[in-house]
Every structure is written in C-alpha cells, then in structure tokens.
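A.B. asks: Give me the fold of what follows.
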Amino acid sequence: MHRISLRFLVPIAAALTLGVSTFVVVLPTLPNASTPPVTIDTVDLTPATQTVVPGWQAQTDTTANMVGVSWQGKAPADFTVEKRDPRGHWHSLAPVGTGEDPGVDPGSRDAKSARRHAATTSSEPVWVGNDTTAVRVKLDSGTATNVDLKVIKTPKVSTTPPGSADALPAWPNIIFRWQWGADEGLRLRNCSSPDYDARVQLAVVHHTVNSNNYSPGESASIVRGIYAYHTLTLGYCDIAYNFLVDRYGQIFEGRFGGTDRPVHGAHAI
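C.D. replies: Just a heads-up that it's a prediction; the model follows:
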C-alpha cells in the first residue's frame, strides 16, 4: 500500500481553503547553478551534563533563517522558539517538542537510517525568516539535557512567480526538485533511495509549525531547509514529503521520483 504524504507550509485550516481547480501556479525561473548549499551548524545551549526544567531559557546570536531544537531525555519536553528582529524586538514563533509527529514508518529505509541519528530527540524545523539577529529557546514543560540549537542557513533561490492576475485557472504546475535547487547529494548520504510502492491508495496531509510570514520567493528556501534538516539532522533518506504546498498555492515536488512514481513518504504513518 502506498500513502502519499503532502506537507502544507501553512496552518492546515488555511491550506484546505485552496481549491486545486481554482488557483494558478506559474513555474518559477530556474535557480542559479552556483547557488550556495544549505548549511547546518550546532550551537550548544546547555552543558552536556546539565538537566533543565520548565522556565529555563537560552539564546544565541545568529543570522540563520531556520532552526531546530535537539535534546536528550526520556520524558516528553516542549519548547518555545523566539526570534529577535533587527529592531531588537522579540517574536514568539512556534512551540516545538515531542509528540508532534508520529515519526517514520517502522521497517522503512527511513526508519533504519534514522536510527543511526537517534542519539537525541529533534523538533520539526522552524522558519525564522531572513531578518533574524538572535534566537531564544524556552523550555515550557518536561525536562531535557544536552539541548542544542540547529542553525540552518538557506540561501535564496529565485522562484518568485510572475504576476498571474490575467492567467486563466488551470491545473497547477509542479515546481520540480531541480527548480527549487535540491542538492541530490543529500539524499544519497544515508540511503540509495526511498521506498517505492506498487500503487497509491491513501494521501496523508501534514502542516508545518511555521507562521505565514514569508514571501513567495522564500518558499523554495523553506523547502531546501526542510530537506537539509530531514537528511542531515534526522537522518531520513530524503525530504519526508511527496509534495509541499505553500500559502500561495505553489506546489513543490518533494521526494525524488514522487511526481511519476509511487514513492513512500517518510511521515505517512
């Protein structure tokens, strides 16, 4: 059985208001072949032996546009991520923690690969935007040790669609991997390929924890950041989702081969 996994880059209630037959997606311009790669660095927020409790917080200066939180601990833990803008104002972005996603399918190639990266628990990646000067992490509930911040820098890819006010409604086009700047070497680091199934029987819809505060031209950067985080931090075989849909109706090809083959999404439990 194959289950398609779609990821919406908006809260799901908003995403479902988009009718597939009523919006237009125009293919973007191609990214420059010399686009710098996505980088992920780790910032230690606590000493390895320190256990933190609710009320703990730590911050770090950074110009990253996406972050993730990793930690160790047997009990569930919930964090809040905040960003500081250039004017010095702090903004709460998203709660992150355990229990937000059931994880990969047991027995899949993604599960086998992810076990090699399972020394810590990692949150979903959070888009903080291109105007961030610092990030602060707060522990809301639970306990955690060895708390790290994954700081992700995703260079912009030119995918801003031209104005389409005069375009007629049509079946949406897909922004393919090569168009949003996928680094195909990332998916080959952990696996030779994802799992492929015989046929499609079910679609699973997810939504991100990110806000709607991004432009059409930043959507490809978000996709590239999620892809790098899934492969380099979580250890998946590829980006987890078959397709990703942003708040503007742009549809991005996710897993390799997902537009013409029944590739199995990692988050399809």
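A.B. asks: Just the buried residues of stretch 192-205, please?
C.D. replies: Residues of stretch 192-205 classed as buried: Pro194, Asp195 (neighbour count, 16 or more other C-beta atoms under 10 Å). Placement of C-beta: from N, CA and C, glycine included.
A.B. asks: So what's the predicted local confidence for Val96?
C.D. replies: Val96 is assigned 85 on the pLDDT scale.
A.B. asks: Across the sheet, point out what pairs with it.
C.D. replies: Val96 has the following beta-bridge partners by DSSP bridges: Phe79.
A.B. asks: ok, now which ones touch the nearest residue to His264 once chain neighbours are set aside?
C.D. replies: In space, and not counting its chain neighbours, His264 is closest to Asp195: 4.1 Å by C-beta to C-beta, 6 or more residues apart in numbering. When contacts are counted by C-beta atoms under 8 Å, 6 or more residues apart in numbering, Asp195 touches Ser108, Arg109, Asp110, Val263, His264.
A.B. asks: Recalculate using a threshold of 7 Å.
C.D. replies: Ser108, Arg109, His264 (C-beta atoms under 7 Å, 6 or more residues apart in numbering).
A.B. asks: how many neighbours does the first one have?
C.D. replies: Spelled out, that is Ser108. 20 (other C-beta atoms under 10 Å).
A.B. asks: ok, now the last one?
C.D. replies: Other residues within reach of His264, judged by other C-beta under 10 Å, total 24.
A.B. asks: Equivalent analysis for Asn190, please.
C.D. replies: Around Asn190 there are 21 residues (other C-beta under 10 Å).
A.B. asks: mind checking which helix or strand the residue lying closest to Ile175 once chain neighbours are set aside is in?
C.D. replies: Among residues not flanking Ile175 along the chain, Phe252 sits closest, at 4.8 Å (C-beta to C-beta, 6+ apart). Assigned by DSSP states H and E, Phe252 belongs to strand 251-253.
A.B. asks: Who does that strand pair with, and is each partner parallel or antiparallel?
C.D. replies: strand 174-175 (parallel), strand 243-245 (antiparallel).
A.B. asks: If you count neighbours, what's buried in the helix or strand harbouring Ile222?
C.D. replies: Counting by DSSP H and E, the element that carries Ile222 is helix 219-228. For helix 219-228, the neighbour count (16+ other C-beta under 10 Å) marks Ser219, Ala220, Ser221, Ile222, Val223, Arg224, Gly225, Ile226, Tyr227, Ala228 as buried.
A.B. asks: Take the contacts of Asp195 and keep only those in helices.
C.D. replies: Arg109 (DSSP state H).
A.B. asks: could the contacts of Asp195 be laid out in JSON lines, adding pLDDT?
C.D. replies: Output for those, formatted as JSON lines (pLDDT from 0 to 100):
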{"residue": "Ser108", "pLDDT": "72"}
{"residue": "Arg109", "pLDDT": "73"}
{"residue": "His264", "pLDDT": "81"}
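A.B. asks: Out of the contacts of Asp195, flag the one nearest to Asp183.
C.D. replies: Arg109 (19.1 Å; C-beta to C-beta).
A.B. asks: got a list of what that closest one touches?
C.D. replies: If a contact means C-beta under 7 Å, 6+ apart, then Arg109 has Cys191, Pro194, Asp195, Cys237 as its contacts.
A.B. asks: how about the helices in the stretch 1-150 of the chain?
C.D. replies: 12-15, 109-115 (DSSP state H, counting those that start in this stretch).
A.B. asks: I'd like the average pLDDT over the first one.
C.D. replies: Put plainly, it is helix 12-15. 30.
A.B. asks: so where is the stretch 51-200 of the chain shaky, pLDDT-wise?
C.D. replies: Where the stretch 51-200 of the chain drops to pLDDT under 70, the residues are 98-107, 112-119, 158-172.
A.B. asks: repeat that for 50
C.D. replies: The model of the stretch 51-200 of the chain has pLDDT under 50 over residues 99-101, 159-170.
A.B. asks: So what's the gap between stretch 63-80 and the chain middle?
C.D. replies: Its chain's average C-alpha position is 14 Å from that of stretch 63-80, according to C-alpha atoms, centre = their mean, to the nearest Å.
A.B. asks: Give me the distance between the two termini of that stretch.
C.D. replies: 19 Å (C-alpha to C-alpha, to the nearest Å).
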